[in-house]
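Chemist: Sequence and predicted structure, then a few things I'm wondering about:
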Amino acid sequence: MSKIRIAIVAALMGSAISLTSMAQGIEKTAKKVGEKIDTTAKKVGNKTASTAVKGVSAIKDKIYKDKQAPGGEVVYIDSKDRKYYVDKKGKKVYLKPSQIKDKE
């Protein structure tokens, strides 16, 4: 009888170790998926904000024809005659005259 008990205890311990390592693997996978979702959500949010601000700027402000901002971005002129472009996060970046270039 003692050999059967030893075998059962060994099987139970092996199962417990296996379940523990499997749970750790699931936690790691869940963490990776959560990080991926967080990164993607930030990218989508930034793109949405950028598109919204560019849309409002195109309607409300003037577009500076034949000029571009660093990186080839569209240059807008607001009501106070300030020049700016909209970055990837949807923020208005005001430009110095030296930063405005002719379109290529």
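Modeler: Okay, I see it.
Chemist: Check the offset of the longest strand anywhere in the chain from the chain's centre.
Modeler: Criterion DSSP state E: the longest strand present in the chain is strand 62-68. Centroid separation between strand 62-68 and its chain, computed with CA atoms, centre = their mean, to the nearest Å, is 29 Å.
Chemist: Could I get the full set of strands for this protein?
Modeler: In the chain, the strands defined using DSSP E lie at 62-68, 74-77, 83-86, 92-94, 101-102.
Chemist: Which one, of these, ends up nearest to A30?
Modeler: Smallest distance to A30 across those (CB to CB): 35.9 Å, for strand 83-86. (Glycine included, C-beta is placed from N, CA and C.)
Chemist: how about low-confidence regions in this structure?
Modeler: The chain contains residues with pLDDT under 70 at 1, 3, 6-7, 9-25.
Chemist: just so I have it, where are all the helices in this structure?
Modeler: With helices called from DSSP state H, the chain shows them at 2-60.
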